[in-house]
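Peer 1: here is my input; please provide its structure:
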Amino acid sequence: MKKMIRVTVCLIMTAALTLAGCSGGSNKGKSAEGKTEAGIPQVSLKFATEPYPDHTVPYVGIEKKFFEDVGITLEKVDAIDADKVPSVLIAGNYDFASGAPSLFIPSMGQGDFTTFAFSNLFLGYSVMAPEGTKTYSDFVKEGMSGEEAIKAALGQMKGKVFTYPSESAIKPFIDLCFQKAGMTLDDVENEVIDDSNGVALMLAGRADFKVGGVPAAATLSSKGFVPILSAKDIVETAEPSEDSKEVRSILHNGWTTTEKWAEENHDTVLRLASVCFRINQYVNDDPKEAAKIHVNYVNQLAGTEFTEEEVQALYKTSIPLYTWDMQKPWFEDKEDALYWEYEIGSTIKMYEDEGMFKSGEYGPSDIVSADKIYAELKELKAEADSNFEKLENADGTALELKEKAEYQYSIFNYLDARNLSEQAVKEMK
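Peer 2: The predicted structure is shown next:
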């Protein structure tokens, strides 16, 4: 098991972290009253991440100083094994952490956790094939239903060489794919070998299809191979319900804290959520530059050897980051299989079936508040929009406040966009 890794400037290659107590530099923009130049109260926080690709993305935001722009200084950032994250939050060693809410569910009896913002989807596994092979999406675009598209995509595998490792974690995904396609492993020529050798077979043209871990998918994707069927595709065909087992094929990742800390630091939670959305937008807008930053951290913390190109591929295949606009259906469209309650609720039901919890003892809202935070930010955004309409002819102090509000608005910090624009309106009177 990996030891807890303390992230400092000296450890992470050429990274330009600005962690308080590590950099030794001054807090630029901090006034005597402990506020930024925009008047945002400054706070100092401790952040825990898991040492995996989907949870090391926040280091992009750290290096880009996104936290500082909303008054947040990270005095400590550590990478910790997933099974230890709940206990360090309960102990108060960290203020918030990057982790999947579903992985906190088994610890719900030990502490009250709440995931206040979603970052990415962990899609886990996908069936990879050479470029030019028709994908699930291709068949859907041709007019097929989701169920028909799965059968058509996997139907291309019949009689071909299919390679995959013997890992028990991967087998359920393979079984589910073949079950939904009306096929069995007898329909393909099986080559069960470790991921590195499986990748070599694919690159040499000696295997036609592959399912493997995240590094394998990233390597193949960077070489032009395509995912013809992913966990996300499976979920799209699932019944939009907590009763669906298919929705467990994916994980909503996010930023989590304790309910007590969230209640006592509500405005900070809103600002942290804005940083999360900003990171997601940045990775979508400029995946190449994001990967240049991300690759150093994930390799150092996870012990991997990803290239920049492979990390970019992860954003497409395994850990897509969903922007503010992209997450709207998760909170507002109950017909969407990715609606936030379904995966969480289905996972809770799984633990109920295993006897961990009594039926109805916990529900999705007991572990997630991202829906409420999203709704509140949306209201704040609307209030800022209303204020901006009144500031069309602003000048002097009102204009200065308006410009600061517009910047905060552009980085999804709708709380301070509302506050600053509200102050600007008062200056107009």
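Peer 1: let me know the helix or strand that the residue sitting nearest the centre point of the chain is in.
Peer 2: Centroid-nearest residue in the chain, with Cα atoms, centre = their mean: N120, separated by 2.1 Å. Using DSSP states H and E, N120 falls within strand 113-122.
Peer 1: and that strand, C-alpha only, in CSV?
Peer 2: Extracted C-alpha coordinates of strand 113-122, given in CSV (Å, rounded to 0.1, in the frame of the first residue of the first chain):
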residue,chain,number,x,y,z
PHE,A,113,-19.9,13.1,4.5
THR,A,114,-21.2,15.2,1.7
THR,A,115,-19.9,15.6,-1.9
PHE,A,116,-20.5,19.2,-2.8
ALA,A,117,-19.2,19.3,-6.4
PHE,A,118,-18.7,16.7,-9.1
SER,A,119,-15.6,16.8,-11.2
ASN,A,120,-15.4,13.9,-13.6
LEU,A,121,-16.9,10.5,-14.5
PHE,A,122,-14.7,7.5,-13.9
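Peer 1: which residue comes closest to A302 once chain neighbours are left out?
Peer 2: Distance criterion Cβ to Cβ, 6 or more residues apart in numbering; nearest residue to A302, sequence neighbours excluded, is P51 at 4.9 Å. C-beta coordinates here come from the backbone N, C-alpha and C atoms, glycine included.
Peer 1: hang on, K288 packs against E308?
Peer 2: Yes. Between K288 and E308 there is a contact at 7.5 Å, judged by Cβ atoms under 8 Å.
Peer 1: show me which of the two is the more surrounded one.
Peer 2: Neighbour totals were compared for K288 and E308, and E308 leads with 18 against 10 (other Cβ atoms under 10 Å).
Peer 1: let me see the contact set for that one.
Peer 2: Neighbouring residues of E308 by Cβ atoms under 8 Å, 6 or more residues apart in numbering: K288, A291, K292, V295.
Peer 1: how about 10 Å then?
Peer 2: Taking Cβ atoms under 10 Å, 6 or more residues apart in numbering, we find E308 in contact with S222, P287, K288, E289, A290, A291, K292, I293, H294, V295, N296.
Peer 1: skipping adjacent residues, who's closest to the fifth one in space?
Peer 2: Using Cβ to Cβ, 6+ apart and skipping residues adjacent in sequence, the residue nearest A290 is V283, 4.4 Å away.
Peer 1: any idea of the pLDDT on that neighbour?
Peer 2: Per-residue pLDDT puts V283 at 99.
Peer 1: what residues of the helix or strand containing it count as buried?
Peer 2: Taking DSSP H and E as the definition, one finds V283 inside helix 266-285. For helix 266-285, the buried set under the neighbour-count rule, 16 or more other Cβ atoms under 10 Å, comprises 268-283.
Peer 1: do I have it right that T163 meets V199?
Peer 2: Yes. Counting by Cβ atoms under 10 Å, T163 touches V199, with 8.7 Å between them.
Peer 1: between those two, what contacts are shared?
Peer 2: M128, I193, A207, K210, G212, A216.
Peer 1: neighbour-wise, which of those leads?
Peer 2: Of the shared contacts of T163 and V199, with other Cβ under 10 Å as the count, M128 tops at 29 neighbours.
Peer 1: A129 is in contact with A217, isn't it?
Peer 2: No. Using Cβ under 10 Å, A129 is not in contact with A217, being 11.5 Å away.
Peer 1: list residues touching both of the two?
Peer 2: Shared contacts of A129 and A217, counting by Cβ under 10 Å, 6+ apart, come down to K210, F225, P227.
Peer 1: low-confidence bits of this structure, can you list those?
Peer 2: Within the chain, the segments meeting pLDDT under 70 span 1-33, 168-169.
Peer 1: how does it divide into domains?
Peer 2: 36-122+251-370, 126-248, 375-428 (the TED database).
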